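A.B. asks: Sequence plus the predicted model coming up.
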4 protein chains.
Amino acid sequence: MDKCIRFGVSLPEMLLERFDRDIEKKGYANRSEAIRDLIRQSLVESEWSDSKSETAAAVVLVYDHHKRGLTEHLTNAQHEHHESIISTMHAHLDHDNCIEVVLLRGIAKVVKSIADKLVSAKHVKHGKFVPTTLGKEL
Amino acid sequence: MDKCIRFGVSLPEMLLERFDRDIEKKGYANRSEAIRDLIRQSLVESEWSDSKSETAAAVVLVYDHHKRGLTEHLTNAQHEHHESIISTMHAHLDHDNCIEVVLLRGIAKVVKSIADKLVSAKHVKHGKFVPTTLGKEL
Amino acid sequence: MDKCIRFGVSLPEMLLERFDRDIEKKGYANRSEAIRDLIRQSLVESEWSDSKSETAAAVVLVYDHHKRGLTEHLTNAQHEHHESIISTMHAHLDHDNCIEVVLLRGIAKVVKSIADKLVSAKHVKHGKFVPTTLGKEL
Amino acid sequence: MDKCIRFGVSLPEMLLERFDRDIEKKGYANRSEAIRDLIRQSLVESEWSDSKSETAAAVVLVYDHHKRGLTEHLTNAQHEHHESIISTMHAHLDHDNCIEVVLLRGIAKVVKSIADKLVSAKHVKHGKFVPTTLGKEL
């Protein structure tokens, strides 16, 4: 299990009061929990600023599955990079439109370039790259 | 089928040359395709700036499933809002960490508030809200 | 003077080690300083999510001052809202292009709508809205 | 003067109707103007993804000028890089707080690293880096 370490933080009184009001509104149980979240968020950003980190990401795609060749193209692109793809979820939005989420893991730079290929595919109506983390040491 | 309409756009010569170089590098087949993507992206942003739009979103969560009560808490939160949740995908990153994607649809404001609840849950190491679209009229 | 308050924060050992490495790389003097910055950043974001906060912002505009009517249009737009505008700085980038920064203060919603007007003005080549803060209680 | 070139763009009818409604709401005079803005915005983003581009940026800082050594530190940091700094504007927010905007030009990577130094300075309450453009060929 993770050993926890306790240390002191010093904050101007007014800043602390404002922070307490803000985290109460956001539903945090206590200051430590809120500060842990801020720290983790900043570490995930640092992770992604180093293009060689081993990390995880999601790609969210909305497209019309009737468009000739698109489904095949997306499937092929994913199989080409099967070693980086954890899994894919596909759901139907209406008769024409579907939403697909592809989970990726690997070196930041590689993951980003696979995502770019999926997002820029012809007939993808909206594509979004979501950098996240493998969760190690967080 | 969607009927296509053709219209004229006027661009300064230098701007057009620079645009052509840029979209070639990005792998677009032609100007129309690249301009359609820019237009769609701006419409999805407008969609989300109106809190009453009917739209879609994804939430990406990384967490340690050993943390007491977290899995249960996330499942309960999702069931409470089952009418807004399309589907959920869960994958294992290592012995402790997992990644979960929740697809949501509904009124922008409602979708955002469900997402907030999931992201701020205790022991979620990293949570990201991803506004996207139902793809209608895009 | 601001009174400072000291309190304890508890962090998993691995997370703390990673945080220490990260803030050393970023040049922070110590943990308190880095945590204060994370807290302030999150409070400024909360400030802007409440459209009624009293706050500050900057608008950065790049444009060709030769374009007929643009300079006049921007000046008029600023004078119309003179009670919200702190000051404006203008600099020359080359024979044609100039960069202008407008500092604004007031209710978040009002400030944002003035900024929108400036950014969307015809012939503005690039416009960026920068939400910041009056710095009170930070 | 810039020569303008006219070319045809093809859009699905529903997408075009939605685009027309959206740009009318945003106050654009016509489609060409709105499309030019989308194109310019995407080119500025491409500009910044190449760390060797010659470009421009702003840094917005909010700080308490009473903090010992801060004003001096910021002034020194700016003078050290005077060849990259176009100009600086300083305004008073209240008795303690001031807002400062620094305009920079130069190689993207260099400009970003100077900005980082200013933003991370101790006692800066809020700092924001704003990548923009020299406006050439836009």
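C.D. replies: Alright, I've got the coordinates.
A.B. asks: Nearest spatial neighbour of A:Tyr28, chain-adjacent residues omitted?
C.D. replies: Of all residues not flanking A:Tyr28 in the chain, A:Ala34 sits nearest, at 4.2 Å (Cβ to Cβ, 6 or more residues apart in numbering or on different chains). Backbone N, C-alpha and C define where each C-beta goes, glycine included.
A.B. asks: for stretch A:55-73, what is the average pLDDT?
C.D. replies: Averaged across stretch A:55-73, the pLDDT comes to 92.
A.B. asks: So stretch A:39-54, near chain C or not?
C.D. replies: Yes - contact of stretch A:39-54 with chain C (Cβ under 8 Å from any Cβ of the partner chain) involves A:Ile39, A:Arg40, A:Ser42, A:Leu43, A:Ser46.
A.B. asks: Output those residues as JSON lines; include the columns secondary structure.
C.D. replies: As requested, the residues of stretch A:39-54 next to chain C are exported to JSON lines (DSSP: H, G, I helix; E, B strand; the rest coil):
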{"residue": "A:Ile39", "secondary structure": "helix"}
{"residue": "A:Arg40", "secondary structure": "helix"}
{"residue": "A:Ser42", "secondary structure": "helix"}
{"residue": "A:Leu43", "secondary structure": "helix"}
{"residue": "A:Ser46", "secondary structure": "helix"}
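A.B. asks: out of these, who has the most neighbours?
C.D. replies: A:Ile39 (23 neighbours; other Cβ atoms under 10 Å in any protein chain shown).
A.B. asks: so after the helix or strand bottoming out on mean pLDDT in chain A, what's the next helix or strand?
C.D. replies: Within chain A, no helix or strand scores below helix A:70-80, which has a mean of 88 by mean pLDDT, DSSP states H and E. Following helix A:70-80 in sequence order, the next helix or strand is strand A:85-92 (DSSP states H and E).
A.B. asks: who does the next helix-or-strand element following that following strand touch, helix- and strand-wise?
C.D. replies: Using DSSP H and E, the helix or strand that directly follows strand A:85-92 along the chain is strand A:97-107. Strand A:97-107 is packed against strand A:54-64, strand A:85-92, helix A:108-119, strand B:54-64, strand B:85-92, strand B:97-107, with contacts defined by 3 or more Cβ pairs under 8 Å, 6 or more residues apart in numbering or on different chains; DSSP states H and E.
A.B. asks: Mean neighbour count for those - can I get that in a markdown table?
C.D. replies: What follows is the helices and strands packed on strand A:97-107, written out as a markdown table (neighbours: other Cβ atoms under 10 Å in any protein chain shown):
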| stretch | mean neighbour count |
| --- | --- |
| strand A:54-64 | 23 |
| strand A:85-92 | 16 |
| helix A:108-119 | 18 |
| strand B:54-64 | 23 |
| strand B:85-92 | 16 |
| strand B:97-107 | 22 |
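A.B. asks: could you point out where chain A is predicted with low confidence?
C.D. replies: By pLDDT under 70, the weakly predicted segments of chain A are A:1-2.
A.B. asks: what residues does it put near chain D?
C.D. replies: So chain A never meets chain D (Cβ under 8 Å from any Cβ).
A.B. asks: Close to chain B: what parts of chain A are there?
C.D. replies: A:26-29, A:33, A:37, A:40-41, A:44, A:56, A:58, A:60, A:62-64, A:86-87, A:89, A:91, A:93-94, A:96-99, A:101, A:103, A:105, A:120, A:122, A:125-126, A:128, A:130, A:132-136, A:138.
A.B. asks: So A:His65 sits against A:Asp96, correct?
C.D. replies: Yes - counting by Cβ atoms under 8 Å, A:Asp96 is a contact partner of A:His65 at 7.2 Å.
A.B. asks: any idea how chain A splits into domains?
C.D. replies: Structurally, chain A divides into domains by automatic domain parsing as follows: A:13-49, A:54-131.
A.B. asks: Tell me the gap between the least confident helix or strand of chain A and the middle of its chain.
C.D. replies: Per Cα atoms, centre = their mean, to the nearest Å, the displacement of helix A:70-80 from the mean C-alpha position of its chain is 21 Å.
A.B. asks: contact partners of it?
C.D. replies: A:61, A:63-65, A:85, A:88, A:100, A:102, A:114, A:117-118, A:121-124 (Cβ atoms under 8 Å, 6 or more residues apart in numbering or on different chains).
A.B. asks: Just want the angle from it to helix A:108-119.
C.D. replies: Using axes from the mean of the first three to the mean of the last three Cα atoms, to 10 degrees, the direction of helix A:70-80 lies 160 degrees away from that of helix A:108-119.
A.B. asks: relative orientation of helix A:70-80 and strand A:85-92 in degrees?
C.D. replies: 160 degrees.
A.B. asks: How about helix A:70-80, which residues are buried there?
C.D. replies: Of all the residues in helix A:70-80, those buried under the rule 16 or more other Cβ atoms under 10 Å in any protein chain shown are A:Leu70, A:Thr71, A:His73, A:Leu74, A:Gln78.
A.B. asks: Chain C contacts on chain A?
C.D. replies: Counting by Cβ under 8 Å from any Cβ, the residues of chain A that sit close to chain C are A:2-19, A:22, A:25, A:31-32, A:35-36, A:38-40, A:42-43, A:46, A:137-138.
A.B. asks: One more pass at 6 Å, please.
C.D. replies: Within chain A, the residues that sit near chain C (Cβ under 6 Å from any Cβ of the partner chain) are A:2-6, A:8-14, A:16, A:18-19, A:22, A:32, A:35, A:38-39, A:43, A:46, A:137-138.
A.B. asks: Can I get the buried ones among these as something I can paste into PyMOL?
C.D. replies: Burial among these is assessed by 16+ other Cβ under 10 Å; the matching PyMOL selection reads:
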select buried, chain A and resi 9+11+12+16+18+19+22+32+35+38+39+43+46+138
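A.B. asks: Show me the residues of chain A next to chain C that map onto helices.
C.D. replies: Secondary structure from DSSP state H places A:Glu13, A:Met14, A:Leu16, A:Arg18, A:Phe19, A:Asp22, A:Ser32, A:Ile35, A:Leu38, A:Ile39, A:Leu43, A:Ser46 of the residues of chain A next to chain C in helices.
A.B. asks: wait, doesn't A:Gly135 sit right on B:Cys98?
C.D. replies: No - with contacts counted by Cβ atoms under 6 Å, A:Gly135 stays clear of B:Cys98, the gap being 8.0 Å.
A.B. asks: coming back round to it: so which of the ones in helices among the residues of chain A next to chain C is the closest to C:Lys109?
C.D. replies: A:Asp22 (19.7 Å; Cβ to Cβ).
A.B. asks: Identify the residues contacting that closest one.
C.D. replies: C:Leu43, C:Ser46 (Cβ atoms under 6 Å, 6 or more residues apart in numbering or on different chains).
A.B. asks: Over to the one 4 residues further on?
C.D. replies: Listed by Cβ under 6 Å, 6+ apart, the contact set of A:Lys26 reads B:Ser120.
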